[in-house]
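K.L.:
With the sequence up front, the predicted model follows.
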Amino acid sequence: MGDAYTPGLTVTRRTVVRKARRLPMPGVVLCQVGQRVAAGDVVARTELPGKVHLLNLANALGCAVDEVDAKLAVRPGGAVRRGGRLASTTSFFGWFRTDVASPIDGTLESVSTVTGQAILREPPVPVEVKAYLDGTVVELLPDEGAVVETDAALVQGIFGLAGEVHAPLVAVATSCKQPLEAGDLTAAHAGKIVIGGARCTLAAMRRAMDLGVTAVIAGGFAYQDVRELLGYDVGVAVTGTEALPTTLVVTEGFGDIAMARATFALLTSFPDRIASVCGATQIRAGVIRPEIIIPHGADQVDEVAPPPGMAVGAPVRCIRAPHFGKLGTIAGLPAPLHTMPSETKVRVVEVALTDGETIVVPRANVEVIER
């Protein structure tokens, strides 16, 4: 029988994180291999071509196509300003002049000698790619960007909204079971990444956005609140591009779920430390998980043993009903196939839950939590 794939989230105090920072199109790389960079440093820059506008000068001037070139006030390649004269024609023995104004600020790219159509382009849009995390440039991607590496604590979540941010960590909850309420947030949390315990309420998320909180990390969030927050349903797609002023990372799942003790303890052990957070999530092929990265910098961190994987004693989380969201440790890995109520035969795992109960579930129904 083939091997069973067991999904897993990473919750670890120390690991090596490598991030490729790429431009959407070729540009200029602004860093060198071995260079130390901060999360907000720009590592590459390019310019996206501006929006194109079409204007039929022959029609606007009321002349033949072959007469358009002689009536241009700006030659192709020249700069134009909104409302400025682009071309003109005279009538009634030169007594009257008709001007055609540019509809945009930008450049006159070309004028067709066949149709009399002018192509105008708005100014290019500058695009910068930042390092995202404090670390070292270990590889250059010619004309594209760079690879940044850092020694960091890493926590992967279940679901997130909005994109990449970085800010100091501050714990609001005193327990992994404490919900994050709107009243827990004050003006002092502006520009910070706040750590809640259990569910983050919709009111708390809106309060965070009003205050200018950089990111919210919580154990749970109600799915219906996602629609209320965004104004639309989130389907099976990639999140991370939402126009929210505050990034959200949910570590456990939807609903009233307490944050795992190990996750809460890890996050709260780095008070005021600059962390990098991204809410981008994709649950289909090419899985993308929301993440919290806390670079260690020059701090000394004790070496940790490699994660045990699917082994006795490994921490796991149940990811399917009827035990969804429950945490425990692997108590046994029976070798024989087990017949399920559906009459399928699968490999199972014995899990000792934190409440003292021991359950037997298919191995595909749990995920290993790397620590």
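P.N.:
Arrived safely, thanks for sending.
K.L.:
Is Thr15 in a helix, a strand, or coil?
P.N.:
strand (DSSP: H, G, I helix; E, B strand; the rest coil).
K.L.:
so what secondary structure elements neighbour the helix ranked longest in the chain?
P.N.:
When the chain is parsed with DSSP state H, its longest helix is helix 202-211. Using 3 or more CB pairs under 8 Å, 6 or more residues apart in numbering; DSSP states H and E, the elements in contact with helix 202-211 are strand 215-221, helix 223-230. To be clear about C-beta, it is placed using only N, CA and C from the backbone, and glycine gets the same treatment.
K.L.:
so who does Gly84 touch?
P.N.:
Neighbour list for Gly84: Val74, Ala101, Ser102 [criterion: CB atoms under 8 Å, 6 or more residues apart in numbering].
K.L.:
6 Å - rerun?
P.N.:
Applying CB atoms under 6 Å, 6 or more residues apart in numbering to Gly84 gives the contacts Ser102.
K.L.:
what separates it from Gly78, distance-wise?
P.N.:
With the distance defined as CB to CB, to the nearest Å, Gly84 ends up 11 Å from Gly78.
K.L.:
quick one, which of the helices and strands packed on helix 202-211 is nearest to Glu350?
P.N.:
Of all those, it is strand 215-221 that lies closest to Glu350, at 25.5 Å by CB to CB.
K.L.:
Tell me how far that closest one lies from the chain's centre.
P.N.:
Relative to its chain's centre, strand 215-221 lies at 15 Å (CA atoms, centre = their mean, to the nearest Å).
K.L.:
What average pLDDT does that strand get?
P.N.:
Mean pLDDT, strand 215-221: 95.
K.L.:
Same question for stretch 114-129.
P.N.:
94.
K.L.:
just stretch 170-178 next, same as before
P.N.:
Per-residue pLDDT over stretch 170-178 has a mean of 94.
K.L.:
As a check, name the ranges of all strands in the stretch 51-200 of the chain.
P.N.:
52-56, 79-80, 85-91, 96-101, 106-111, 117-121, 125-130, 135-141, 145-156, 159-161, 165-171, 193-195 (DSSP state E, counting those that start in this stretch).
K.L.:
what helices or strands is the third one leaning on?
P.N.:
Judged by 3 or more CB pairs under 6 Å, 6 or more residues apart in numbering; DSSP states H and E, the packing partners of strand 85-91 are strand 96-101.
K.L.:
Just the CA atoms of the strand it packs on, as PDB, please.
P.N.:
The C-alpha coordinates for strand 96-101 follow below in PDB (Å, rounded to 0.1, in the frame of the first residue of the first chain):
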ATOM      1  CA  PHE A  96     -10.300  80.200 -37.000                       C
ATOM      2  CA  ARG A  97      -8.300  77.500 -35.300                       C
ATOM      3  CA  THR A  98      -9.600  74.200 -33.800                       C
ATOM      4  CA  ASP A  99      -7.500  72.600 -31.100                       C
ATOM      5  CA  VAL A 100      -7.500  69.000 -30.000                       C
ATOM      6  CA  ALA A 101      -6.600  68.700 -26.300                       C
END
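K.L.:
Partner strands of it and their direction?
P.N.:
Using DSSP bridges, strand 96-101 pairs in its sheet with strand 85-91 (antiparallel).
K.L.:
Buried residues in the partner strand, which are they?
P.N.:
Leu86, Ala87, Thr89 (16 or more other CB atoms under 10 Å).
K.L.:
List of residues touching it?
P.N.:
Residues from elsewhere that reach strand 85-91 (CB under 6 Å, 6+ apart): Leu57, Leu61, Cys63, Lys71, Leu72, Ala73, Val74, Arg97, Thr98, Asp99, Val100, Ser102.
K.L.:
what's the average pLDDT for it?
P.N.:
87.
K.L.:
Could you check the angle it makes with strand 52-56?
P.N.:
For strand 85-91 against strand 52-56, the angle by axes from the mean of the first three to the mean of the last three CA atoms, to 10 degrees is 0 degrees.
K.L.:
So which bits of stretch 329-343 are buried?
P.N.:
Residues Ile330 are the ones in stretch 329-343 that count as buried (16+ other CB under 10 Å).
K.L.:
same question, stretch 114-132
P.N.:
Applying 16+ other CB under 10 Å to stretch 114-132 flags Gly116, Gln117, Ala118, Leu120, Arg121, Val129, Lys130, Ala131, Tyr132 as buried.
K.L.:
Return the residues in contact with the fifth one.
P.N.:
Pointing back at Arg121 there. Contact analysis of Arg121 by CB under 6 Å, 6+ apart lists Gly50, Val52, Gly106, Thr107, Glu109.
K.L.:
how does it look with 10 Å?
P.N.:
Pro49, Gly50, Lys51, Val52, His53, Val80, Ile104, Gly106, Thr107, Leu108, Glu109, Ser110 (CB atoms under 10 Å, 6 or more residues apart in numbering).
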